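Engineer: Need a 3D model of the following:
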Amino acid sequence: MTRPEPPVGRFEPEITDADVGFFREYGFWSIERITTDEEIAWLGEVFDDLFRVRSGGLPGGYFDVARPYGEDGPVRLAQTLFPETRVPALRDTLYQRNARRIAARLLGVDATALQGWGHMILKPAGDGHETPWHQDEAYWEPGFDYQAIAAWLPLDDADAENGCLWFLPGSHRGEVRPHRHLHDDPAVHALVTDPGDVSGAVCVPVRAGGASFHHPRTLHHAGPNHSSRRRRAYATELQTPPVPRAVAVERPWIDEGKAAYAARQPAR
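Structural biologist: Numbering: from 1, shown residues only. Okay, the predicted model is just below:
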């Protein structure tokens, strides 16, 4: 099993005004190194432990994003939510500290104002399902306004062959678009939207130990993994406390997904 505490290390990457300007203009940004090789190895052990026992940080927190809830079968695009609840030491890593500091700079807020939660994603070798075009905020409760940013840390080198992220520059300046569930099945967690013209989409390969950051309204996707290499990633959502809206926006796909999930739970 994984040792309980991450390796001790010190690393503080620099972020410039130009980096901040790039993020605010295009809605995404990447950095070559956010943590050490030693910590990446430790995070990989934690990841492998959680996915071996198919455990999330809350009941139902592990599932295959590309399959209906509860359906068995080979892993296509597996996810575990809130892993830091199961492994509290994840909160005290160089990655988390640096991600929080960088996110605060990109958003223009104090780091102490940010709260966060994570999810780990496995795109297996050979048959890893694509991650459809979507906006992160489309998954979130529609009764709130958000000021947030996502940090995405690959634990394996991520490139176009095994499913790195692609971003549509400037798309964060728009609203949350209509989404639907993958395969038009509300029991499938993954959401998809029509991104429009994606000829200007930017492929952002990131080596293990680097990271990308994106706005919750930035349109992005990741291709399938047909390579012989798995693609493990640890994503963290960092946000100021959500602010209740006077009137919730309409996102019917959220209600449809909740109903489908509830219908598939065993009777008590």
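
Engineer: Show me where the stretch 151-268 of the chain has its helices.
Structural biologist: 252-263 (DSSP state H, counting those that start in this stretch).

Engineer: Show me the strands in it, by range?
Structural biologist: Assigned by DSSP state E, counting those that start in this stretch, the stretch 151-268 of the chain shows strands spanning 165-167, 180-181, 191-192, 202-204, 211-214, 220-222, 231-239, 243-244.

Engineer: Show me what the third one is packed against.
Structural biologist: Strand 191-192 makes packing contacts with strand 131-134, strand 180-181 when contacts are defined by 3 or more CB pairs under 8 Å, 6 or more residues apart in numbering; DSSP states H and E. All C-beta spots, glycine's among them, are computed from the backbone N, C-alpha and C.

Engineer: After the first one, heading C-terminal, what element do we hit next?
Structural biologist: If I follow you right, that is strand 131-134. Using DSSP states H and E, the helix or strand that follows strand 131-134 in sequence is strand 144-145.

Engineer: And that next one, what does it pack against?
Structural biologist: Strand 144-145 packs on strand 243-244, going by 3+ CB pairs under 8 Å, 6+ apart.

Engineer: before we move on, the earlier item: what's the closest of the strands of the stretch 151-268 of the chain to residue 62?
Structural biologist: For residue 62, the closest of the strands of the stretch 151-268 of the chain is strand 231-239, at 14.4 Å, according to CB to CB.

Engineer: What mean pLDDT does stretch 47-63 get?
Structural biologist: Stretch 47-63 shows a mean pLDDT of 87.

Engineer: scratch that, stretch 30-44
Structural biologist: Per-residue scores along stretch 30-44 average to 96.

Engineer: Buried residues, it. List them.
Structural biologist: Buried residues in stretch 30-44, defined by neighbour count with 16 or more other CB atoms under 10 Å: 30-31, 34-36, 39-40, 42-44.

Engineer: And for stretch 229-243?
Structural biologist: 229-240.

Engineer: who's in contact with the host helix or strand of residue 96?
Structural biologist: Secondary structure assignment for residue 96, by DSSP H and E: helix 94-107. Residues outside helix 94-107 that contact it (CB atoms under 8 Å, 6 or more residues apart in numbering): 6, 9-13, 15, 19-20, 23-24, 29, 31, 34-36, 39, 43, 90, 110-111, 113-114, 116, 147-149, 151, 153, 211, 213, 234, 236, 238, 240.

Engineer: can you do 6 Å?
Structural biologist: Helix 94-107 has contacts (CB atoms under 6 Å, 6 or more residues apart in numbering) with 9, 11, 15, 20, 23, 34-35, 39, 111, 114, 149, 151, 153, 236, 238.
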